[in-house]
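Novice: Need a 3D model of the following:
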Amino acid sequence: MSMNSTIGELRGQWANPSDILSLLLLIGGDIVQKAIAQLVGYRIRLPGGTSRTVSVAPVAFSFGWVAYAFLSLLSAIGEMRLMPASDYPCLMVNCSNGFIRESNSWVLGRLLRDHENAYPVDPRPVEDGGRAESLRIDIFHLQPPTGPDRDFGWWSGWIVMAGQIVIALVPWVCFGDWGVLLVTLAGSVFAMITCAVPQWTEEKWAGRKLRREKVTCLTRGNGHRHVMVFIGGPGAWDLESLATGASDPRPETRWLFGVLAILWTLLLITVSGLKEHTWFLVGIGGVGMLQNAFVAGASRDPGASDLHTIAFPRASTIIGQRQKDNQKDDPDTDESLQTTLRELADVELWATEQPVSSHGSTQTTAGSQARPMPRWLDTMAVEDGLPAWLELVELGANGSTSSGPLPGSRPAGGDGMWRRATSDTGKRKVIVYAEGVHGALMGLEKWVPTAGLVMVQIFFPAGLTYNEASIRDSKHKKFWRRAYHTKSARKRAEEKRRAEASQSQVLHSV
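Specialist: Down below sits the predicted model:
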(Lines give C-alpha, C1' and ligand atoms only; values in the text may rest on other atoms or scores of the structure.)
Protein backbone atom coordinates (compact mmCIF):
# COMPACT_ATOMS: atom_id res chain seq x y z
CA MET A 1 0.00 0.00 0.00
CA SER A 2 2.83 2.34 0.92
CA MET A 3 4.63 1.48 -2.32
CA ASN A 4 1.55 2.29 -4.39
CA SER A 5 1.04 5.54 -2.49
CA THR A 6 4.64 6.66 -3.14
CA ILE A 7 4.38 5.81 -6.81
CA GLY A 8 1.13 7.73 -7.06
CA GLU A 9 2.62 10.80 -5.38
CA LEU A 10 5.63 10.77 -7.68
CA ARG A 11 3.41 10.27 -10.71
CA GLY A 12 1.25 13.20 -9.67
CA GLN A 13 4.23 15.43 -9.00
CA TRP A 14 5.81 14.72 -12.39
CA ALA A 15 2.46 15.12 -14.12
CA ASN A 16 1.81 18.58 -12.62
CA PRO A 17 4.77 19.92 -10.60
CA SER A 18 2.88 22.82 -9.02
CA ASP A 19 4.67 22.88 -5.66
CA ILE A 20 8.18 22.97 -7.03
CA LEU A 21 7.15 25.63 -9.58
CA SER A 22 6.55 28.19 -6.83
CA LEU A 23 10.02 27.44 -5.46
CA LEU A 24 11.64 27.83 -8.88
CA LEU A 25 10.36 31.39 -9.02
CA LEU A 26 12.60 32.23 -6.05
CA ILE A 27 15.99 31.38 -7.63
CA GLY A 28 18.20 33.36 -10.02
CA GLY A 29 17.53 36.93 -8.88
CA ASP A 30 21.14 38.03 -9.50
CA ILE A 31 20.95 36.77 -13.09
CA VAL A 32 17.85 38.89 -13.69
CA GLN A 33 19.58 41.99 -12.30
CA LYS A 34 22.58 41.56 -14.61
CA ALA A 35 20.32 40.93 -17.59
CA ILE A 36 18.49 44.20 -16.92
CA ALA A 37 21.81 46.02 -16.52
CA GLN A 38 22.90 44.74 -19.94
CA LEU A 39 19.75 45.65 -21.89
CA VAL A 40 18.39 48.76 -20.20
CA GLY A 41 18.86 52.09 -21.97
CA TYR A 42 17.06 51.97 -25.31
CA ARG A 43 14.24 54.50 -25.29
CA ILE A 44 11.09 54.84 -27.37
CA ARG A 45 8.87 57.88 -27.75
CA LEU A 46 5.43 57.70 -26.19
CA PRO A 47 2.49 58.01 -28.60
CA GLY A 48 0.32 61.11 -28.80
CA GLY A 49 2.85 63.61 -30.14
CA THR A 50 4.62 63.99 -26.80
CA SER A 51 8.38 64.36 -26.45
CA ARG A 52 8.53 62.04 -23.45
CA THR A 53 10.36 58.73 -23.81
CA VAL A 54 10.41 55.51 -21.83
CA SER A 55 13.17 52.92 -21.46
CA VAL A 56 12.42 49.53 -22.99
CA ALA A 57 14.48 46.46 -22.02
CA PRO A 58 13.14 43.09 -23.26
CA VAL A 59 14.18 40.91 -20.30
CA ALA A 60 11.95 37.84 -20.51
CA PHE A 61 9.80 36.60 -17.62
CA SER A 62 11.66 33.79 -15.85
CA PHE A 63 12.03 31.93 -12.59
CA GLY A 64 14.22 34.59 -10.99
CA TRP A 65 11.89 37.55 -11.16
CA VAL A 66 10.13 37.05 -7.81
CA ALA A 67 13.49 36.71 -6.04
CA TYR A 68 14.79 39.81 -7.78
CA ALA A 69 11.69 41.80 -6.77
CA PHE A 70 12.60 41.46 -3.10
CA LEU A 71 16.33 42.00 -3.73
CA SER A 72 15.59 45.22 -5.59
CA LEU A 73 13.22 46.36 -2.83
CA LEU A 74 15.96 45.83 -0.24
CA SER A 75 18.45 47.70 -2.41
CA ALA A 76 16.03 50.57 -3.08
CA ILE A 77 15.36 50.98 0.65
CA GLY A 78 18.98 50.54 1.77
CA GLU A 79 21.77 51.73 -0.55
CA MET A 80 19.19 53.01 -3.06
CA ARG A 81 20.99 51.52 -6.06
CA LEU A 82 19.59 49.33 -8.83
CA MET A 83 22.61 48.62 -11.04
CA PRO A 84 24.88 45.76 -9.96
CA ALA A 85 28.46 46.47 -8.97
CA SER A 86 31.07 46.13 -11.68
CA ASP A 87 32.09 42.48 -12.05
CA TYR A 88 35.31 43.24 -13.94
CA PRO A 89 37.82 45.38 -12.00
CA CYS A 90 39.67 47.93 -14.12
CA LEU A 91 41.46 51.27 -13.92
CA MET A 92 40.50 54.52 -15.60
CA VAL A 93 43.52 56.76 -16.28
CA ASN A 94 43.42 60.44 -17.17
CA CYS A 95 46.23 60.99 -19.68
CA SER A 96 46.42 64.73 -19.02
CA ASN A 97 47.32 64.62 -15.32
CA GLY A 98 48.01 60.93 -14.63
CA PHE A 99 45.13 60.50 -12.18
CA ILE A 100 44.19 56.83 -11.75
CA ARG A 101 40.73 55.80 -10.61
CA GLU A 102 39.28 52.40 -9.86
CA SER A 103 36.25 52.03 -12.07
CA ASN A 104 32.92 51.24 -10.42
CA SER A 105 31.03 51.43 -13.69
CA TRP A 106 29.24 48.33 -14.95
CA VAL A 107 29.45 49.70 -18.50
CA LEU A 108 33.23 50.24 -18.46
CA GLY A 109 33.94 46.90 -16.79
CA ARG A 110 31.94 45.00 -19.39
CA LEU A 111 33.46 47.13 -22.17
CA LEU A 112 36.98 46.05 -21.24
CA ARG A 113 35.95 42.43 -20.61
CA ASP A 114 34.27 42.10 -24.00
CA HIS A 115 37.21 43.79 -25.75
CA GLU A 116 39.70 41.39 -24.18
CA ASN A 117 37.53 38.44 -25.19
CA ALA A 118 37.23 39.71 -28.76
CA TYR A 119 40.95 40.41 -29.21
CA PRO A 120 42.95 37.86 -27.18
CA VAL A 121 46.69 38.33 -26.73
CA ASP A 122 48.90 35.29 -27.38
CA PRO A 123 51.93 35.44 -25.03
CA ARG A 124 53.33 32.04 -26.05
CA PRO A 125 56.84 32.04 -27.53
CA VAL A 126 57.21 31.75 -31.29
CA GLU A 127 59.01 28.45 -30.78
CA ASP A 128 55.84 27.02 -29.22
CA GLY A 129 53.61 28.20 -32.05
CA GLY A 130 52.58 31.47 -30.39
CA ARG A 131 52.94 35.12 -31.35
CA ALA A 132 55.06 36.26 -28.37
CA GLU A 133 52.73 39.20 -27.74
CA SER A 134 53.24 41.12 -24.52
CA LEU A 135 50.86 44.08 -24.80
CA ARG A 136 48.02 45.19 -27.08
CA ILE A 137 46.96 48.83 -27.23
CA ASP A 138 43.82 49.82 -29.15
CA ILE A 139 43.15 53.49 -29.84
CA PHE A 140 39.65 54.87 -30.52
CA HIS A 141 37.90 58.14 -31.22
CA LEU A 142 34.93 58.29 -28.82
CA GLN A 143 31.83 59.71 -30.49
CA PRO A 144 28.88 61.55 -28.87
CA PRO A 145 26.16 59.19 -27.60
CA THR A 146 23.22 58.56 -29.90
CA GLY A 147 21.50 55.79 -27.94
CA PRO A 148 22.36 52.10 -27.50
CA ASP A 149 22.53 49.91 -30.58
CA ARG A 150 20.05 47.03 -30.74
CA ASP A 151 22.00 43.82 -31.10
CA PHE A 152 21.03 40.14 -31.06
CA GLY A 153 20.85 40.11 -27.27
CA TRP A 154 18.26 42.90 -27.34
CA TRP A 155 16.14 41.28 -30.05
CA SER A 156 16.39 37.86 -28.37
CA GLY A 157 14.23 39.16 -25.53
CA TRP A 158 11.34 39.95 -27.85
CA ILE A 159 11.71 36.60 -29.62
CA VAL A 160 11.62 34.69 -26.32
CA MET A 161 8.70 36.71 -24.99
CA ALA A 162 6.70 35.98 -28.15
CA GLY A 163 7.58 32.29 -27.84
CA GLN A 164 6.45 32.27 -24.21
CA ILE A 165 3.05 33.68 -25.18
CA VAL A 166 2.70 31.03 -27.88
CA ILE A 167 3.46 28.29 -25.33
CA ALA A 168 0.94 29.82 -22.89
CA LEU A 169 -1.77 29.81 -25.58
CA VAL A 170 -1.55 26.01 -26.00
CA PRO A 171 -3.35 24.99 -22.74
CA TRP A 172 -6.01 27.67 -23.34
CA VAL A 173 -6.69 26.57 -26.91
CA CYS A 174 -6.46 22.83 -26.27
CA PHE A 175 -7.86 22.51 -22.74
CA GLY A 176 -9.62 25.80 -22.01
CA ASP A 177 -7.08 26.60 -19.23
CA TRP A 178 -6.25 30.30 -19.38
CA GLY A 179 -4.35 30.38 -16.08
CA VAL A 180 -0.96 29.80 -17.68
CA LEU A 181 -1.55 32.66 -20.14
CA LEU A 182 -2.62 34.96 -17.29
CA VAL A 183 0.58 34.26 -15.33
CA THR A 184 2.77 34.71 -18.42
CA LEU A 185 1.22 38.01 -19.48
CA ALA A 186 1.26 39.38 -15.92
CA GLY A 187 4.89 38.38 -15.42
CA SER A 188 5.92 39.94 -18.73
CA VAL A 189 4.13 43.20 -17.91
CA PHE A 190 5.67 43.38 -14.43
CA ALA A 191 9.10 42.75 -15.95
CA MET A 192 8.68 45.55 -18.51
CA ILE A 193 7.55 47.97 -15.79
CA THR A 194 10.57 47.10 -13.66
CA CYS A 195 12.96 47.75 -16.57
CA ALA A 196 11.26 51.08 -17.36
CA VAL A 197 12.14 52.68 -14.00
CA PRO A 198 14.15 55.83 -14.92
CA GLN A 199 16.78 55.27 -12.23
CA TRP A 200 18.19 52.33 -14.22
CA THR A 201 19.48 54.53 -17.05
CA GLU A 202 20.58 57.31 -14.69
CA GLU A 203 22.79 54.89 -12.77
CA LYS A 204 24.08 53.10 -15.86
CA TRP A 205 25.36 56.33 -17.43
CA ALA A 206 26.09 58.40 -14.32
CA GLY A 207 28.62 60.62 -16.04
CA ARG A 208 29.06 63.99 -17.68
CA LYS A 209 29.52 64.95 -21.31
CA LEU A 210 32.83 66.41 -22.47
CA ARG A 211 33.14 70.08 -23.36
CA ARG A 212 36.60 69.70 -24.90
CA GLU A 213 38.89 66.92 -26.03
CA LYS A 214 40.07 64.48 -23.38
CA VAL A 215 42.24 61.36 -23.60
CA THR A 216 41.69 58.49 -21.18
CA CYS A 217 42.93 54.90 -20.91
CA LEU A 218 41.09 51.83 -19.66
CA THR A 219 43.16 48.88 -18.45
CA ARG A 220 43.45 46.29 -15.69
CA GLY A 221 46.93 47.55 -14.91
CA ASN A 222 50.35 46.06 -14.48
CA GLY A 223 50.46 42.33 -15.22
CA HIS A 224 47.68 42.47 -17.80
CA ARG A 225 47.97 42.76 -21.56
CA HIS A 226 45.28 45.13 -22.82
CA VAL A 227 44.97 48.91 -22.93
CA MET A 228 42.06 50.79 -24.50
CA VAL A 229 42.78 54.44 -25.34
CA PHE A 230 39.85 56.81 -25.94
CA ILE A 231 40.18 60.22 -27.58
CA GLY A 232 36.92 61.86 -26.60
CA GLY A 233 35.66 64.96 -28.35
CA PRO A 234 33.08 67.54 -27.27
CA GLY A 235 29.73 65.92 -26.56
CA ALA A 236 31.15 62.44 -25.92
CA TRP A 237 30.92 60.68 -22.57
CA ASP A 238 33.48 61.75 -19.97
CA LEU A 239 34.69 58.24 -19.16
CA GLU A 240 36.58 59.44 -16.10
CA SER A 241 33.38 60.74 -14.50
CA LEU A 242 31.53 57.65 -15.70
CA ALA A 243 34.04 55.44 -13.86
CA THR A 244 33.26 56.92 -10.46
CA GLY A 245 29.97 58.72 -11.02
CA ALA A 246 26.89 58.06 -8.92
CA SER A 247 23.43 59.35 -9.73
CA ASP A 248 21.02 60.78 -7.19
CA PRO A 249 18.34 58.21 -6.32
CA ARG A 250 14.79 59.06 -7.29
CA PRO A 251 12.31 59.31 -4.41
CA GLU A 252 9.60 57.42 -6.33
CA THR A 253 11.83 54.37 -6.82
CA ARG A 254 11.17 53.06 -3.31
CA TRP A 255 7.40 53.00 -3.43
CA LEU A 256 7.40 51.82 -7.03
CA PHE A 257 9.50 48.77 -6.18
CA GLY A 258 7.36 48.24 -3.09
CA VAL A 259 4.27 48.01 -5.27
CA LEU A 260 6.08 45.69 -7.70
CA ALA A 261 7.14 43.42 -4.82
CA ILE A 262 3.50 43.11 -3.78
CA LEU A 263 2.43 42.32 -7.35
CA TRP A 264 5.14 39.66 -7.72
CA THR A 265 4.03 38.12 -4.41
CA LEU A 266 0.45 37.93 -5.66
CA LEU A 267 1.73 36.30 -8.84
CA LEU A 268 3.64 33.74 -6.77
CA ILE A 269 0.47 32.91 -4.85
CA THR A 270 -1.40 32.57 -8.13
CA VAL A 271 1.20 30.16 -9.48
CA SER A 272 0.93 28.06 -6.33
CA GLY A 273 -2.79 27.67 -6.98
CA LEU A 274 -2.37 26.21 -10.46
CA LYS A 275 -2.73 22.41 -10.37
CA GLU A 276 -3.10 21.53 -14.05
CA HIS A 277 -0.86 21.97 -17.08
CA THR A 278 1.97 23.37 -14.97
CA TRP A 279 4.60 21.87 -17.27
CA PHE A 280 3.81 24.69 -19.66
CA LEU A 281 4.79 27.19 -16.97
CA VAL A 282 7.97 25.24 -16.28
CA GLY A 283 8.85 25.48 -19.97
CA ILE A 284 8.02 29.21 -20.09
CA GLY A 285 10.13 29.97 -17.03
CA GLY A 286 12.99 27.77 -18.25
CA VAL A 287 13.14 29.48 -21.65
CA GLY A 288 13.07 32.86 -19.94
CA MET A 289 15.88 31.87 -17.60
CA LEU A 290 18.03 30.77 -20.54
CA GLN A 291 17.49 34.15 -22.19
CA ASN A 292 18.31 35.99 -18.97
CA ALA A 293 21.52 33.99 -18.47
CA PHE A 294 22.57 34.48 -22.08
CA VAL A 295 22.09 38.25 -21.97
CA ALA A 296 23.71 38.60 -18.54
CA GLY A 297 26.93 36.97 -19.68
CA ALA A 298 27.12 37.60 -23.43
CA SER A 299 29.75 39.85 -25.00
CA ARG A 300 28.43 42.93 -26.77
CA ASP A 301 29.79 45.64 -29.04
CA PRO A 302 30.54 49.01 -27.38
CA GLY A 303 27.69 50.62 -29.31
CA ALA A 304 25.19 48.44 -27.43
CA SER A 305 26.22 50.37 -24.29
CA ASP A 306 25.98 53.74 -26.07
CA LEU A 307 29.77 53.97 -26.38
CA HIS A 308 30.21 54.61 -30.08
CA THR A 309 33.81 54.46 -31.23
CA ILE A 310 35.83 54.84 -34.42
CA ALA A 311 39.25 53.24 -34.77
CA PHE A 312 42.14 55.72 -34.71
CA PRO A 313 43.04 55.83 -38.42
CA ARG A 314 46.78 56.44 -38.08
CA ALA A 315 47.52 53.52 -35.76
CA SER A 316 44.42 51.61 -34.73
CA THR A 317 46.30 48.96 -32.78
CA ILE A 318 49.81 48.77 -31.36
CA ILE A 319 51.05 45.29 -30.44
CA GLY A 320 54.24 44.81 -28.46
CA GLN A 321 56.07 41.55 -29.23
CA ARG A 322 58.72 40.11 -26.94
CA GLN A 323 62.21 40.00 -28.41
CA LYS A 324 65.18 37.75 -27.82
CA ASP A 325 67.52 38.57 -24.96
CA ASN A 326 70.45 39.20 -27.31
CA GLN A 327 69.08 42.53 -28.51
CA LYS A 328 71.72 45.28 -28.46
CA ASP A 329 71.13 48.24 -26.19
CA ASP A 330 72.33 51.80 -26.66
CA PRO A 331 75.48 52.16 -24.56
CA ASP A 332 75.03 55.91 -24.27
CA THR A 333 72.42 57.02 -21.71
CA ASP A 334 73.04 60.76 -22.12
CA GLU A 335 70.71 62.98 -24.07
CA SER A 336 70.66 66.68 -24.85
CA LEU A 337 67.35 68.14 -23.77
CA GLN A 338 68.26 71.48 -25.26
CA THR A 339 68.67 69.83 -28.66
CA THR A 340 65.35 68.08 -28.23
CA LEU A 341 63.63 71.38 -27.43
CA ARG A 342 65.17 73.00 -30.50
CA GLU A 343 63.88 70.15 -32.68
CA LEU A 344 60.36 70.87 -31.46
CA ALA A 345 60.62 74.67 -31.57
CA ASP A 346 58.49 74.96 -34.72
CA VAL A 347 55.86 72.70 -33.20
CA GLU A 348 55.79 74.78 -30.02
CA LEU A 349 55.32 78.00 -31.97
CA TRP A 350 52.58 76.52 -34.11
CA ALA A 351 50.75 74.98 -31.14
CA THR A 352 50.75 78.19 -29.08
CA GLU A 353 49.58 80.37 -31.96
CA GLN A 354 46.01 81.62 -31.96
CA PRO A 355 43.67 79.32 -33.92
CA VAL A 356 42.25 80.27 -37.28
CA SER A 357 39.03 82.28 -37.01
CA SER A 358 35.70 80.61 -37.67
CA HIS A 359 35.15 82.51 -40.95
CA GLY A 360 38.29 80.98 -42.43
CA SER A 361 40.67 83.91 -42.12
CA THR A 362 44.34 82.96 -41.84
CA GLN A 363 45.43 86.44 -40.73
CA THR A 364 46.69 86.82 -37.17
CA THR A 365 47.21 89.99 -35.22
CA ALA A 366 49.27 92.72 -36.87
CA GLY A 367 48.32 91.29 -40.28
CA SER A 368 50.84 88.45 -40.23
CA GLN A 369 50.10 85.15 -41.91
CA ALA A 370 49.21 82.15 -39.76
CA ARG A 371 52.09 79.76 -39.28
CA PRO A 372 51.61 76.49 -41.23
CA MET A 373 51.49 73.19 -39.38
CA PRO A 374 54.81 71.31 -39.48
CA ARG A 375 54.43 68.66 -42.15
CA TRP A 376 55.85 65.82 -40.05
CA LEU A 377 52.95 66.12 -37.58
CA ASP A 378 50.70 64.81 -40.32
CA THR A 379 53.02 62.30 -42.00
CA MET A 380 55.16 61.28 -38.98
CA ALA A 381 57.99 60.72 -41.46
CA VAL A 382 61.67 61.42 -40.96
CA GLU A 383 62.06 62.97 -44.40
CA ASP A 384 59.47 65.60 -43.41
CA GLY A 385 61.37 66.60 -40.27
CA LEU A 386 60.32 63.99 -37.68
CA PRO A 387 62.86 64.12 -34.82
CA ALA A 388 65.07 61.04 -34.77
CA TRP A 389 64.13 60.09 -31.21
CA LEU A 390 60.48 59.74 -32.25
CA GLU A 391 61.43 57.17 -34.89
CA LEU A 392 60.85 53.77 -33.33
CA VAL A 393 62.91 50.66 -33.90
CA GLU A 394 61.82 48.66 -36.91
CA LEU A 395 60.38 45.25 -36.00
CA GLY A 396 60.85 42.51 -38.56
CA ALA A 397 59.07 39.24 -39.25
CA ASN A 398 61.42 37.10 -37.16
CA GLY A 399 61.39 39.42 -34.18
CA SER A 400 64.72 41.08 -35.00
CA THR A 401 65.28 44.77 -35.52
CA SER A 402 67.15 44.49 -38.79
CA SER A 403 65.12 42.10 -40.93
CA GLY A 404 62.42 42.78 -43.50
CA PRO A 405 58.76 43.53 -42.94
CA LEU A 406 56.10 41.26 -41.60
CA PRO A 407 54.26 39.21 -44.22
CA GLY A 408 51.43 41.29 -45.63
CA SER A 409 52.69 44.45 -43.99
CA ARG A 410 53.89 47.67 -45.48
CA PRO A 411 56.37 50.34 -44.37
CA ALA A 412 54.73 53.27 -42.64
CA GLY A 413 56.30 56.42 -43.96
CA GLY A 414 59.69 56.05 -42.32
CA ASP A 415 58.41 55.95 -38.74
CA GLY A 416 60.46 52.85 -37.98
CA MET A 417 57.51 50.55 -37.43
CA TRP A 418 55.69 48.10 -39.65
CA ARG A 419 51.95 48.17 -40.17
CA ARG A 420 49.57 45.58 -41.45
CA ALA A 421 46.28 46.77 -42.90
CA THR A 422 43.36 44.63 -41.74
CA SER A 423 39.60 44.74 -41.82
CA ASP A 424 37.39 44.66 -38.72
CA THR A 425 33.66 44.40 -39.46
CA GLY A 426 34.13 46.30 -42.68
CA LYS A 427 36.25 49.06 -41.13
CA ARG A 428 39.84 49.40 -42.20
CA LYS A 429 42.34 49.22 -39.35
CA VAL A 430 46.08 49.66 -39.16
CA ILE A 431 47.99 47.35 -36.80
CA VAL A 432 51.45 48.51 -35.72
CA TYR A 433 54.02 46.08 -34.31
CA ALA A 434 56.57 47.29 -31.77
CA GLU A 435 59.40 45.85 -29.73
CA GLY A 436 58.07 44.64 -26.37
CA VAL A 437 55.98 46.52 -23.83
CA HIS A 438 58.25 49.58 -23.88
CA GLY A 439 58.11 49.70 -27.67
CA ALA A 440 54.31 49.59 -27.60
CA LEU A 441 54.13 52.35 -24.99
CA MET A 442 56.63 54.43 -26.98
CA GLY A 443 54.44 53.98 -30.04
CA LEU A 444 51.43 55.11 -28.00
CA GLU A 445 53.31 58.22 -26.85
CA LYS A 446 54.25 58.95 -30.44
CA TRP A 447 50.69 58.87 -31.74
CA VAL A 448 48.87 60.13 -28.60
CA PRO A 449 51.18 62.45 -26.62
CA THR A 450 51.15 62.02 -22.80
CA ALA A 451 49.24 58.72 -23.04
CA GLY A 452 52.45 56.70 -23.17
CA LEU A 453 54.04 58.74 -20.39
CA VAL A 454 51.12 57.96 -18.09
CA MET A 455 50.85 54.28 -18.95
CA VAL A 456 54.58 53.61 -18.51
CA GLN A 457 54.12 54.59 -14.85
CA ILE A 458 51.47 51.89 -14.51
CA PHE A 459 53.27 49.07 -16.31
CA PHE A 460 56.68 50.02 -14.89
CA PRO A 461 56.03 51.45 -11.41
CA ALA A 462 58.78 53.76 -10.25
CA GLY A 463 58.92 52.37 -6.73
CA LEU A 464 60.18 54.64 -3.94
CA THR A 465 60.70 57.96 -5.71
CA TYR A 466 60.46 61.55 -4.57
CA ASN A 467 58.05 63.59 -6.67
CA GLU A 468 58.27 67.20 -5.60
CA ALA A 469 55.41 68.26 -7.89
CA SER A 470 52.92 66.31 -5.74
CA ILE A 471 53.82 68.20 -2.53
CA ARG A 472 52.57 71.73 -1.90
CA ASP A 473 54.20 73.13 1.26
CA SER A 474 57.94 73.79 1.54
CA LYS A 475 58.19 72.27 5.04
CA HIS A 476 56.77 69.04 3.67
CA LYS A 477 59.05 69.14 0.63
CA LYS A 478 62.11 69.47 2.87
CA PHE A 479 61.08 66.49 4.97
CA TRP A 480 60.33 64.19 2.07
CA ARG A 481 63.45 65.23 0.15
CA ARG A 482 65.61 64.36 3.16
CA ALA A 483 63.66 61.16 3.75
CA TYR A 484 64.18 60.02 0.17
CA HIS A 485 67.93 60.68 0.08
CA THR A 486 68.50 58.95 3.44
CA LYS A 487 66.08 56.08 3.02
CA SER A 488 68.72 53.36 2.51
CA ALA A 489 70.74 54.20 5.62
CA ARG A 490 67.68 54.60 7.80
CA LYS A 491 66.09 51.40 6.49
CA ARG A 492 69.23 49.34 7.16
CA ALA A 493 69.58 50.84 10.64
CA GLU A 494 65.96 50.10 11.58
CA GLU A 495 66.18 46.54 10.30
CA LYS A 496 69.34 45.99 12.36
CA ARG A 497 67.71 47.56 15.41
CA ARG A 498 64.69 45.24 15.14
CA ALA A 499 66.97 42.23 14.69
CA GLU A 500 69.03 43.11 17.78
CA ALA A 501 65.87 43.81 19.79
CA SER A 502 64.44 40.45 18.81
CA GLN A 503 67.71 38.72 19.74
CA SER A 504 67.77 40.49 23.08
CA GLN A 505 64.24 39.30 23.86
CA VAL A 506 65.26 35.74 23.10
CA LEU A 507 68.26 35.97 25.45
CA HIS A 508 66.14 37.39 28.25
CA SER A 509 63.58 34.61 27.86
CA VAL A 510 66.20 31.87 28.24
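
Novice: in the stretch 201-350 of the chain, which spans are strands?
Specialist: Counting by DSSP state E, counting those that start in this stretch, the stretch 201-350 of the chain has strands at residues 214-219, 226-232, 309-311, 317-321.

Novice: In CSV, list those along with distance to Gly98, mean pLDDT and mean neighbour count.
Specialist: All C-beta spots, glycine's among them, are computed from the backbone N, C-alpha and C. As requested, the strands of the stretch 201-350 of the chain are arranged in CSV below (distance: least, C-beta to C-beta, whole Å; pLDDT from 0 to 100; neighbours: other C-beta atoms under 10 Å):
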stretch, distance to Gly98, mean pLDDT, mean neighbour count
strand 214-219, 10, 95, 22
strand 226-232, 14, 96, 23
strand 309-311, 23, 94, 16
strand 317-321, 20, 92, 25
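
Novice: Tabulate these (TSV), appending distance to Met83.
Specialist: Shown next, in TSV, are the strands of the stretch 201-350 of the chain (distance: least, C-beta to C-beta, whole Å):
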stretch	distance to Met83
strand 214-219	18
strand 226-232	21
strand 309-311	22
strand 317-321	31
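
Novice: For Ala243, which of those is the nearest?
Specialist: The minimum distance between Ala243 and these falls on strand 214-219, with 8.4 Å, by C-beta to C-beta.

Novice: and the angle from that closest one to strand 226-232?
Specialist: 160 degrees (axes from the mean of the first three to the mean of the last three C-alpha atoms, to 10 degrees).

Novice: and Val454, that's in a helix?
Specialist: Yes. The assignment for Val454, made by DSSP: H, G, I helix; E, B strand; the rest coil, places it in a helix.

Novice: right, and the strands of the stretch 201-350 of the chain - which one's nearest Ile159?
Specialist: Per C-beta to C-beta, nearest to Ile159 of the strands of the stretch 201-350 of the chain: strand 309-311, 27.9 Å.

Novice: what's in contact with that closest one?
Specialist: The contact list for strand 309-311 (C-beta atoms under 8 Å, 6 or more residues apart in numbering) reads 138-143, 230, 302-303, 317, 424, 427, 429.

Novice: let's see 6 Å
Specialist: Strand 309-311 is touched from outside by 140-142, 302, 429, with contacts defined as C-beta atoms under 6 Å, 6 or more residues apart in numbering.

Novice: top of those by neighbour count?
Specialist: Leu142 (25 neighbours; other C-beta atoms under 10 Å).

Novice: Confirm for me that that residue is in contact with Ala236.
Specialist: Yes. The pair Leu142 and Ala236 passes the contact test of C-beta atoms under 6 Å, sitting 4.4 Å apart.

Novice: Next, give phi and psi for Ala298.
Specialist: phi -70, psi 150 (degrees, to the nearest 10).

Novice: which residue packs closest to Pro372, ignoring adjacent ones?
Specialist: Trp350 (7.6 Å; C-beta to C-beta, 6 or more residues apart in numbering).

Novice: Test my guess that that neighbour contacts Arg371.
Specialist: Yes. Here Trp350 reaches Arg371: they are 5.1 Å apart, a contact under C-beta under 6 Å.

Novice: in the stretch 201-350 of the chain, what spans have low per-residue confidence?
Specialist: 325-335 (pLDDT under 70).

Novice: Let me fix that, I meant to ask about the chain.
Specialist: 1-27, 49, 325-335, 354-369, 392-428, 463-464, 466, 510.

Novice: Could you dump the contacts of strand 309-311 into TSV with distance to Ala132 and secondary structure added?
Specialist: Formatted as TSV, those follow (distance: C-beta to C-beta, whole Å; DSSP: H, G, I helix; E, B strand; the rest coil):
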residue	distance to Ala132	secondary structure
Phe140	25	strand
His141	30	strand
Leu142	31	strand
Pro302	28	helix
Lys429	21	strand
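
Novice: all helices for the stretch 401-510 of the chain, in order.
Specialist: Taking DSSP state H, counting those that start in this stretch as the criterion, the stretch 401-510 of the chain carries its helices at 436-447, 451-459, 474-485, 487-509.

Novice: swap that for the stretch 1-150 of the chain, sorry
Specialist: Assigned by DSSP H, counting those that start in this stretch, the stretch 1-150 of the chain shows helices spanning 2-15, 18-24, 29-39, 65-77, 106-118.

Novice: helices or strands up against the fourth one?
Specialist: Meaning helix 65-77. Applying 3 or more C-beta pairs under 6 Å, 6 or more residues apart in numbering; DSSP states H and E, one finds that helix 65-77 contacts helix 29-39, helix 252-273.

Novice: Before we go further, Leu377 is sitting in a strand, right?
Specialist: No. Leu377 is assigned helix when assessed by three-state DSSP, not a strand.

Novice: measure the residue nearest to it when sequence neighbours are not counted to Tyr433 for me?
Specialist: Nearest residue to Leu377, sequence neighbours excluded (C-beta to C-beta, 6+ apart): Val347, at 6.8 Å. Separation of Val347 from Tyr433 (C-beta to C-beta, to the nearest Å) stands at 27 Å.

Novice: Ok, Cys95 next?
Specialist: 23 Å.

Novice: The helices of the stretch 401-510 of the chain: which one's closest to Phe175?
Specialist: Nearest of these (C-beta to C-beta): helix 451-459, 64.7 Å.

Novice: Name the residues of the closest one that are buried.
Specialist: 451-452, 454-456, 458-459 (16 or more other C-beta atoms under 10 Å).

Novice: Same question for stretch 170-187.
Specialist: 171-172, 177, 179-181, 183-184, 186-187.

Novice: need those residues in JSON lines with secondary structure and distance to Gln321, can you?
Specialist: Below are those laid out as JSON lines (DSSP: H, G, I helix; E, B strand; the rest coil; distance: C-beta to C-beta, whole Å):
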{"residue": "Pro171", "secondary structure": "helix", "distance to Gln321": "62"}
{"residue": "Trp172", "secondary structure": "helix", "distance to Gln321": "64"}
{"residue": "Asp177", "secondary structure": "coil", "distance to Gln321": "65"}
{"residue": "Gly179", "secondary structure": "helix", "distance to Gln321": "64"}
{"residue": "Val180", "secondary structure": "helix", "distance to Gln321": "59"}
{"residue": "Leu181", "secondary structure": "helix", "distance to Gln321": "60"}
{"residue": "Val183", "secondary structure": "helix", "distance to Gln321": "58"}
{"residue": "Thr184", "secondary structure": "helix", "distance to Gln321": "55"}
{"residue": "Ala186", "secondary structure": "helix", "distance to Gln321": "58"}
{"residue": "Gly187", "secondary structure": "helix", "distance to Gln321": "53"}
